[in-house]
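Q: Turn this into a model:
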Amino acid sequence: ASLVHNLPLLESRCCLCNSCQHTTFSPCCPPSPPATMSLLATKLDGVRRSTIGMPRRFFSVGLPAAALPLSSLPKKVQDFVNRGVALCKPDNVHVCDGSEAEYKAFMEGLIKQGTVQKLSETKRPGSYIAYTDPKDVARAEKDTFICSEREHDSGPTNNWRHPSEKRKKLEGLFDGCMRGRTMYVVPFSMGPLSSPFSKSGVQLTDSSYVAASMRIMTRMGEQAVKKMTDDFVPCMHSVGRPIIENDPDKVNEKSARSFWPCNIAKRHVVHYPETSEIWSFGSGYGGNSLLGKKCFALRIASVLARKEGWLAEHMLILGITNPEGKKKYFAAAFPSACGKTNLAMMDPLLPGWKIETVGDDIAWIRVGKDGKFRAINPEYGFFGVAPGTSSKTNPRAMQTCAKNSVFTNVGLTEDGDVYWEGMDSLPSASITDWERRKHWKPTLVPDFQGGYKQAKTGLCAQANSRFTTPITQCPVLDPKWDDPEGVPIEGIIFGGRRDDTLPLVFETFSWEHGTFVGSVMRSEATSAADQSGLTNDPMAMKAFCGYNIKDYFAHWLKVGASAKAPPKIFHVNWFRKNNKGDFVWPGFGDNIRVLKWMFDRCENPSNTANIVKTPIGYTPTTSALDISNLNVSQEDMKTLLHVDKNQWLAEAAEMTHYYNHTLSPQKAVLGEPDVPLELRRQLKELKERLSA
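A: Next comes the predicted model:
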C-alpha cells in the first residue's frame, strides 16, 4: 500500500497538517505541508511518477502533456492541489491549460467512454451531445448545504450543518474517491480578466465533462493563472465513484464504469462561507458540478459581496437602444427556466429598437465612484434551458448554439443533429430520445380546440436539458460585455410565472419598496430544481443566497442607500392567463413593448401622463404601451394591467405568513435576525392602500 493511501485519519486533528481541529484539510492548515506531504510534492511537474504514493502520471492518459506545470500556480494553489491528491488518491493528475487541443482531447475521451457523441459537422459543427444518468438531471437543493459556523448565519431558506460535522462526513466520502481516475486541476476566473472586481477559483474534479464545460463557462486555464494570486476560492468535486480493480462493491463497480458515473445516494453540495470553500460529491450535473456557476458566483460570492459592499445576483444584464440611438442597461431577476435567456437575447419586434446581451444569468453589481450601479457578468458562456427554445422564441440563442456547443439530455436525430420539445418543426429524421431510446415519437393528447397537442410525458428531451455554448458566439453580444468596469444599470426587473394577480408590469415606488417587492416574489417552480407548485423565491435568490436571507434583504437596503441614484425597480409577469387558460400577452420579441415603457420611465421619471398609481405601484395606462400591429385588444390590456384588490389582499396575507412563519419559524434559532423593519412597514402600507 502506498504512503498516500495510508495517511492516518485522526479523530480531532487534520490528517495533513496535524495542527488544526479540522478532520480534513482546510485553507487554515499551514501552507507548508508536513514531511509526508513533502514526499508527495517531489518533482510533480509533467513527469511519470515513481515516487511511492504519487499518481502514476502528472498528466492524463490520452491527453497532451500538461502545458501548465504545477509550479506555474501560486504557492497556496499548489498546496491545495497536493492536499487534494493526498485525500482523493487519483491515478493521474492533469493541470488544465484551457487550450483547444486539450478540449478536443477531453471530448475524444468522453466519446470513448460513451458519455458524448460527436454531432454532424454539417448540421452542428464542433458540437457534441451528452447523456447523464436519469437520476442526475437537476440541482439538488435538498442535498445543498450552507455550513456557516453559526446556524442563524445560514438562515431559514438554507440547509445547515455545523462545519465540523460536514467536514468529517466529506472526509470519509472524498478519501480515495478518485482511485483509478484522473484529477483535473481547473484554474479559472469569474469575470473579465482585467477587471478589479473579478474573482479566481481552482476546481479539482475527476470529471473531464466538467473540465470541458468549465472551459466554456469560465475563463479557464493559462489565461486565468496569469492573473491568479493566493486569494482564490478552492472547489473540490468528485462524481463519487472510484474505479477499483476487483471491487467487492458491485454497485460501485457498475456505476464507476458506466458512461455517466455518479453517486446520487451520497450526493452533497456543501459551502463553507467563512473559508469560501465549495465541496461537491456524487453528481456530475451542471449546477452541482460546474462549481464556478451557482456555487461560487452566487452562494459564495453573495457572502463576499456582503462583506465588501456589493451585490451578487441571479440576474441577466442587457442593453436597450432606442431608435434615436440612446442606450440604457437593465438587470433582471427571474427564477431559472422562466425566460431569462429569452429576454437577454430578445429579437425585438418594434422597429428601430435594439437589444444586446451582457449576460443571461448572473450579475455582480457595485456602486461606482459616480454613485451609480455598475454590473459585470462573471461568466464566459451560456448554460441555457433547451426545451422551448426555438427560432420563434429565441432566434439569437439558436444562432449562438449553432456550433461549438455541448447539448446535454436532448434528442439526437439520425442525421446527427439535436432536437427538443418546442424546437421549431418535428424533423423527418428518426430521433433517439435523451434516455437513448430509438425511434422516439411524440405522445399526443386532445387539446381544447378539438385537435391534438404533445403530452408532457414521454419527452424527447429531459425537461431541464441544456446547451452549453461560448458567449462570444452570441450575435447580439454587447460591445461592453467584457468591460472591466462593468456597465451602468438604470433599471432592475423582477419577474416570474404567475397565471393571475400580478399585472403585466408595474414600477415600484422607491428602492425600499422595490426591495420589498423582490423579497416577496412568488413563482411557479420550474424543472431546474426538484420542486413543484407556487413557491416563494425572493429576488430569484432563494436557492442561491449563501447566508441568511433576512440579512440579505437588509444588505439590499444598505447598498441602495449608499448609491447616489439607485436604479428604478420594476416587476413583470409575461404569463398572465385569461378565463380560457390562454396566455394573454404574446411575449418573446413583443416584450420590447414593455421594456420601451420602462426605458421611457427611466428617461423621463417626472412624466406622469403614462402611469396609473395603484396600491401595488405604478402601472402603465392602457394606451402607454405600444401595441401597434399586435393582436391584443384594449380589453386584453385591461386584463393584463388590472390590479384586483381582493386577489391582492389574499396575496398580502400570503406575504404576512411568509414573513411571520416561513422566514420566522416559531422555533427560532438563537441570534436569528428578523425581517428588516423597513420591509414590514412596506407590507403594512400595502395592506392599508388595498383596504382604502
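
Q: give the contact list for residue 178.
A: Shown in contact with residue 178 (C-beta atoms under 8 Å, 6 or more residues apart in numbering): 88, 89, 90, 91, 206, 238, 242. Just so you know, the C-beta spots here come from the backbone N, C-alpha and C atoms, and that holds for glycine as well.

Q: Excluding covalently adjacent residues, which one is nearest to the spatially most central residue of the chain?
A: Central residue of the chain (C-alpha atoms, centre = their mean): residue 294, 4.0 Å from the mean position. Distances taken as C-beta to C-beta, 6 or more residues apart in numbering place residue 287 nearest to residue 294, at 5.2 Å, with adjacent residues excluded.

Q: The one you found looks like it's in a strand, true?
A: No - counting by DSSP: H, G, I helix; E, B strand; the rest coil, residue 287 falls outside a strand, being helix.

Q: Just give me the neighbour total for it.
A: By the criterion of other C-beta atoms under 10 Å, residue 287 has 25 neighbours.

Q: pretty sure it is touching residue 296, no?
A: No - the pair residue 287 and residue 296 fails to qualify as a contact (C-beta atoms under 8 Å) at a distance of 11.5 Å.

Q: Where do the helices of the stretch 1-150 of the chain begin and end?
A: 35-40, 75-88, 100-113 (DSSP state H, counting those that start in this stretch).

Q: Show me what the second one packs onto, helices and strands only.
A: Under the contact criterion of 3 or more C-beta pairs under 8 Å, 6 or more residues apart in numbering; DSSP states H and E, helix 75-88 touches helix 35-40, strand 92-95, helix 163-174, strand 182-190, strand 199-205, strand 233-238.

Q: Can you check the pLDDT for residue 55?
A: Residue 55 is assigned 56 on the pLDDT scale.

Q: Is residue 493 bridged to anything, and to what?
A: Judged by DSSP bridges, the bridge partners of residue 493 are residue 332, residue 570.

Q: Just flag the most distant two among the contacts of residue 178.
A: By the measure C-beta to C-beta, 91 and 238 form the most distant pair in the contacts of residue 178, at 13.6 Å.

Q: How far does stretch 315-324 stretch from one end to the other?
A: Using C-alpha to C-alpha, to the nearest Å, the end-to-end distance of stretch 315-324 comes out at 27 Å.

Q: Show me the contact partners of it.
A: Residues outside stretch 315-324 that contact it (C-beta under 8 Å, 6+ apart) are 327-334, 340-341, 343-344, 346, 351-363, 365, 375, 377, 478, 480, 487, 489, 492, 540, 595-596, 599.

Q: rerun at 6 Å
A: For stretch 315-324, the external contacting residues (C-beta atoms under 6 Å, 6 or more residues apart in numbering) are 327-333, 340, 344, 352, 354-360, 363, 375, 377, 478, 595, 599.

Q: go on, stretch 220-228?
A: With C-beta under 6 Å, 6+ apart as the test, stretch 220-228 has contacts from 72, 74, 96, 97, 98, 187, 188, 189, 193, 200, 214.

Q: what does stretch 394-408 give?
A: 125-130, 341-342, 345, 347, 384, 389, 391, 418, 466-469, 473-476.

Q: Buried residues, whichever strand or helix holds residue 305. List them.
A: According to DSSP states H and E, residue 305 maps onto helix 301-308. By 16 or more other C-beta atoms under 10 Å, the buried positions in helix 301-308 come out as 301, 302, 303, 304, 305, 306.
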